[in-house]
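Asker: Sequence and computational prediction follow.
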Amino acid sequence: MTIDTLDGLLEEQLKDLYDAEKQLTKALPKMAKAAKDPELKTAFTDHLEQTKGQVSRIEHVFELLEKKAKSKPCAAMKGIVEEGQETIQEDASDEMKDCMLIASAQRAEHYEIAAYGTVRTIAEILGNQEVADLLQQTLEEEEQTDAKLSEISERMLNASNDSGEVEEEEEDEGELEDDEENGEEEEEEE
């Protein structure tokens, strides 16, 4: 199919997003199951429900455009989902695996944020404000999910770093005590 109009471009982009969202409805339960942090597990579960609503919203957009809701394979999301599946299989501590899951999820969110921003703008240029508003609603949900994942990640990374700093401080104190003992011995020898 030759895409030579903005209407055609909008339809093709929506088909891509439709497939991307459907892929996520299959991937998110696996990510939720793999997550150990309760807040992260809940975030994935909540976003799954939100994603199902986004699939319905895209179907409604197709109806408004008087087009059949069809998807075309979204290679970008397929790659992101595959990386997420690899993350689930990684040999890592629970905390690090959760951080890796967040990184994978945020890749998906960033892809969706870019894609929804584009289709919303196309709809606005075409003068279809109702479609633009629906797409903006999804864009805002994706941005909120990304922000929530950032908050969880920051909390987890800080907690992980704090536990690492305590160990480092204890090592530094031990070195300082050794240095002090060595200094006392040197003074006694003189």
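Answerer: Perfect, thanks for sending it.

Asker: Format the CA atom coordinates belonging to stretch 45-54 as CSV.
Answerer: What follows is stretch 45-54, C-alpha atoms only, in CSV (Å, rounded to 0.1, in the frame of the first residue of the first chain):
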residue,chain,number,x,y,z
THR,A,45,-0.4,-5.2,36.9
ASP,A,46,-2.0,-1.8,36.9
HIS,A,47,-0.4,-0.9,33.6
LEU,A,48,-1.7,-4.2,32.1
GLU,A,49,-5.3,-3.0,32.9
GLN,A,50,-4.5,0.4,31.5
THR,A,51,-3.0,-1.1,28.3
LYS,A,52,-6.2,-3.2,27.8
GLY,A,53,-8.1,0.1,27.9
GLN,A,54,-5.7,1.6,25.4
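
Asker: tell me the mean pLDDT for that stretch?
Answerer: What stretch 45-54 shows for mean pLDDT is 97.

Asker: now the residue sitting nearest the centre point of the chain: how far from residue 154?
Answerer: Closest to where the C-alpha atoms of the chain average out (Cα atoms, centre = their mean) is residue 106, at 1.9 Å. From residue 106 over to residue 154 the distance is 12 Å, taken as Cβ to Cβ, to the nearest Å. All C-beta spots, glycine's among them, are computed from the backbone N, C-alpha and C.

Asker: Which parts of the helix or strand that contains the residue nearest to the centre of the chain count as buried, going by neighbours?
Answerer: Using DSSP states H and E, residue 106 maps to helix 94-125. Using 16 or more other Cβ atoms under 10 Å as the test for burial, helix 94-125 gives 97-102, 104-109, 111-113, 115-116, 118-120, 122-123.

Asker: Likewise for stretch 23-32?
Answerer: For stretch 23-32, burial by neighbour count (16+ other Cβ under 10 Å) applies to 23, 24, 27, 28, 31, 32.

Asker: And the contacts of it?
Answerer: 41, 44-45, 47-48, 51-52, 55, 74, 77-78, 81, 84-85, 88, 101, 104-105, 108 (Cβ atoms under 8 Å, 6 or more residues apart in numbering).

Asker: I'd like the average pLDDT over that stretch.
Answerer: Stretch 23-32 comes out with an average pLDDT of 96.
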